[in-house]
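**Student:** Fold the following and give me the result.
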Amino acid sequence: MVNRIFTIFVLIGVPLSIAGSLMHWPSVLMFVVYCLTIIALAGFMGRATESLAIVAGPRIGGLLNATFGNAVELIISIFALKAGLVGVVLASLTGSVVGNLLLVAGLSFFIGGLKYKRQEFNIYDARHNSGLLIFAVIVAFVIPEVFTTEMDSAGTISLSVGISIILIILYLAALFFKLVTHRGVYQQKTDEVEVHEEPEWKKGKAIAILLLATVAVAYVSENLVHTFETVGERFGWSELFIGVIIVAIVGNAAEHASAVLMAYKNKMNIAVEIAVGSTLQVAMFVAPLLVLISLLFTEKMPLVFTLPELISMATAVFLTISVTNDGDTNWFEGATLLAAYIIIGIGFYLLPG
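**Tutor:** Numbers count the residues shown, from 1 in each chain. Just a heads-up that it's a prediction; the model follows:
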């Protein structure tokens with residue numbers, strides 16, 4: 001049923017997006033059309049990556065879902081940087097971290113917990129990810145805020161570039177650690193029942209759909225960025241709220257759906273890998289990559305966040321670690337994460353523009 005709805009949205013949304021951009025339809029209307037179209041396209045990307053990942057195991061499957069889910073946000077952010085909307089990009093990165101840890105993980109734990117009393121996942125992966133989360137968010141994001149108070153803009157950009165390179169190198173090292181040198185070393189038996197699944201689409205079709213959806217998302221995203229200013233003025237939304245809530249939810253729609261579906265099927269290793277793995281990818285790869293890409297544009301993006309953004313991300317990290325470090329979860333822990341997300345969302349909504 002959901003897949004059919006996404007198909008209808010794509011068949012209607014893509015032509016409407018093209019027509020609306022060429023005929024200059026009202027920005028508020030097109031903002032809604034663009035967002036729904038991107039979410040529907042993200043659904044297709046999620047189905048394609050799930051088909052490719054069925055035979056690859058939970059780690060590769062989760063990595064694929066996170067990577068192509070973040071591809072949507074990366075595309076939106078590049079066009080936003082090109083338009084000089086650095087504040088929106090930084091806010092969307094904050095929204096991805098907070099959204100993945102509190103909204104995606106929270107929904108997954110809550111929905112899965114309604115069906116199963118107790119759901120287990122690999123405790124060793126959870127503890128490994130905890131250390132990386134603290135490094136990526138607390139160390140790499142807070143340090144620039146502390147040191148750049150005494151720096152000029154050139155020094156701030158230089159520090160941001162240096163930290164970005166280190167983050168990317170460490171992220172690649174973390175993948176090498178998990179997928180090559182220590183693959184299978186830290187294993188834990190859970191109650192997950194391994195069932196042989198047939199992919200929805202064959203390999204060639206899945207790759208073709210993935211590429212076509214990515215191209216469509218790139219086109220729609222470029223037009224979406226141009227509606228931000230008008231929509232913000234119309235509804236009184238600040239750049240922070242647009243980035244933290246709107247762009248983050250739209251940009252991460254694919255992994256949102258995938259993680260919740262995996263939790264409902266009691267495949268918690270994949271669900272946690274998508275939620276936490278996506279956060280690590282945003283913090284350690286997407287954010288630093290955007291800093292480096294911004295060097296090609298007139299307005300450079302420093303890796304410096306506002307105080308509300310930093311506190312929100314730090315809160316999400318520590319709350320998620322406290323919930324996941326025991327290797328199992330339930331619906332109440334999911335509800336706790338969701339409650340934290342709603343509180344943070346209200347805070348960003350009420351912040352003045």
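**Student:** thought Asn223 was touching Ser27?
**Tutor:** No: Asn223 is beyond contact range of Ser27, at 9.9 Å (criterion: CB atoms under 8 Å). From N, CA and C alone the C-beta is placed, and that goes for glycine too.
**Student:** quick one, strands of the chain?
**Tutor:** Using DSSP state E, the strands of the chain run over residues 119-120, 328-329.
**Student:** Nearest residue to Thr148 in space, ignoring adjacent ones along the chain?
**Tutor:** Among residues not flanking Thr148 along the chain, Thr156 sits closest, at 4.5 Å (CB to CB, 6 or more residues apart in numbering).
**Student:** can you list the strands of the chain in a markdown table and add distance to Tyr264 and mean pLDDT?
**Tutor:** Output for these, formatted as a markdown table (distance: least, CB to CB, whole Å; pLDDT from 0 to 100):
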| stretch | distance to Tyr264 | mean pLDDT |
| --- | --- | --- |
| strand 119-120 | 10 | 89 |
| strand 328-329 | 13 | 90 |
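**Student:** closest one to Leu280 among these?
**Tutor:** Among these, strand 328-329 comes nearest to Leu280, with 18.6 Å by CB to CB.
**Student:** Run me through the strand neighbours of the closest one, direction for each.
**Tutor:** Strand 328-329 sits in its sheet next to strand 119-120 (antiparallel), going by DSSP bridges.
**Student:** Just the CA trace of stretch 233-241, in CSV.
**Tutor:** The C-alpha trace of stretch 233-241 is given here as CSV (Å, rounded to 0.1, in the frame of the first residue of the first chain):
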residue,chain,number,x,y,z
GLU,A,233,8.8,34.5,5.5
ARG,A,234,5.3,33.3,4.8
PHE,A,235,5.1,31.0,7.9
GLY,A,236,7.6,32.8,10.2
TRP,A,237,10.1,30.0,10.2
SER,A,238,13.7,30.7,10.9
GLU,A,239,16.6,29.2,9.0
LEU,A,240,17.3,27.0,12.0
PHE,A,241,13.8,25.5,12.0
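**Student:** for it, the distance to its chain's centre please.
**Tutor:** Here the centre of mass of C-alpha atoms in stretch 233-241, compared against the chain's by CA atoms, centre = their mean, to the nearest Å, lies 21 Å away.
**Student:** buried set for that stretch?
**Tutor:** For stretch 233-241, burial by neighbour count (16 or more other CB atoms under 10 Å) applies to 237-241.
**Student:** next one: stretch 6-16
**Tutor:** By 16+ other CB under 10 Å, the buried positions in stretch 6-16 come out as 6, 9-10, 13-14, 16.
**Student:** State the number of residues packed around Ile166.
**Tutor:** Neighbours of Ile166 under the rule other CB atoms under 10 Å: 13.
**Student:** List the residues that contact it.
**Tutor:** Counting by CB atoms under 8 Å, 6 or more residues apart in numbering, Ile166 touches Ala140.
**Student:** quick one: least confident helix or strand in the chain?
**Tutor:** Within the chain, no helix or strand scores below helix 57-82, which has a mean of 74 by mean pLDDT, DSSP states H and E.
**Student:** just to revisit the earlier point, any chance of the strands of the chain in TSV, plus mean neighbour count and distance to Glu200?
**Tutor:** Shown next, in TSV, are these (neighbours: other CB atoms under 10 Å; distance: least, CB to CB, whole Å):
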stretch	mean neighbour count	distance to Glu200
strand 119-120	22	24
strand 328-329	22	27
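**Student:** between the buried residues of stretch 6-16, which is closest to Ile38?
**Tutor:** For these, the residue nearest Ile38 by CB to CB is Gly13; the value is 8.4 Å.
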